[in-house]
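Engineer: Fold the following, please.
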Amino acid sequence: MSRKNQTLILAERIARKLVAEQTQARIMLGFDAALIAAHEALGMGPGRAAAFSAAYHEAMEELAGLYVDDAEQNGDKHIDYAKGKRDALIRKIVGEENFVEFDRAYGAAYMDELRRIRVKQEERGT
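Structural biologist: Next up is the predicted model:
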């Protein structure tokens, strides 16, 4: 059995760190946009911002957990069950005319991103 090249190991470590940092930046951009939109559309101010933040992070953890657990614990590599649960919830919230199904909304690279979200949430203790 051959050993991995040390340069390759270092390159993989650097790439994982870079992707994790990019994931955090995308999450924060989405959260900032959600705060701004809630303020603009719903008049949310400081009083409700903390409750919104807590609900946002809880929903993020629940969704990431749903998808990752469906794949890892239930052996559903295509996460069909989790996609169906998400689609039903989002459809109920936004209505049929505004609904976008999981595969179209998330695109192809969702599982790797969801695992990183779960790790970030655990690091933050939320």
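Engineer: what's the helix or strand for residue 16?
Structural biologist: Assessed by DSSP states H and E, residue 16 sits inside helix 6-42.
Engineer: Mind listing what's buried along that helix?
Structural biologist: 23, 27, 38 (16 or more other Cβ atoms under 10 Å). Using the backbone N, CA and C atoms, a C-beta is placed for each residue, glycine as well.
Engineer: Take those and lay them out in JSON lines including distance to residue 50.
Structural biologist: Formatted as JSON lines, the buried residues of helix 6-42 follow (distance: Cβ to Cβ, whole Å):
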{"residue": "23", "distance to residue 50": "24"}
{"residue": "27", "distance to residue 50": "18"}
{"residue": "38", "distance to residue 50": "12"}
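Engineer: would a markdown table of these with pLDDT and distance to residue 9 be doable?
Structural biologist: Putting the buried residues of helix 6-42 into a markdown table (pLDDT from 0 to 100; distance: Cβ to Cβ, whole Å) gives the following:
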| residue | pLDDT | distance to residue 9 |
| --- | --- | --- |
| 23 | 79 | 21 |
| 27 | 88 | 27 |
| 38 | 96 | 44 |
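Engineer: Please name the nearest non-neighbouring residue to residue 91.
Structural biologist: Nearest non-adjacent residue to residue 91, counting by Cβ to Cβ, 6 or more residues apart in numbering: residue 99, 4.6 Å away.
Engineer: Next, the one you found: phi, psi?
Structural biologist: Note on residue 99: backbone dihedrals following degrees, to the nearest 10 are phi -80, psi 140.
Engineer: go on, residue 45?
Structural biologist: Torsion angles, degrees, to the nearest 10, at residue 45: phi -120, psi -160.
Engineer: surely it meets residue 39?
Structural biologist: Yes. Using Cβ atoms under 8 Å, residue 45 is in contact with residue 39, at 7.0 Å.
Engineer: Find the residues that touch each one of those two.
Structural biologist: Taking Cβ atoms under 8 Å, 6 or more residues apart in numbering as the contact rule, residue 45 and residue 39 have no neighbour in common.
Engineer: what does stretch 95-111 rub up against?
Structural biologist: Contacts of stretch 95-111 (Cβ under 8 Å, 6+ apart): 67-68, 71, 79, 83, 86-87, 90-91.
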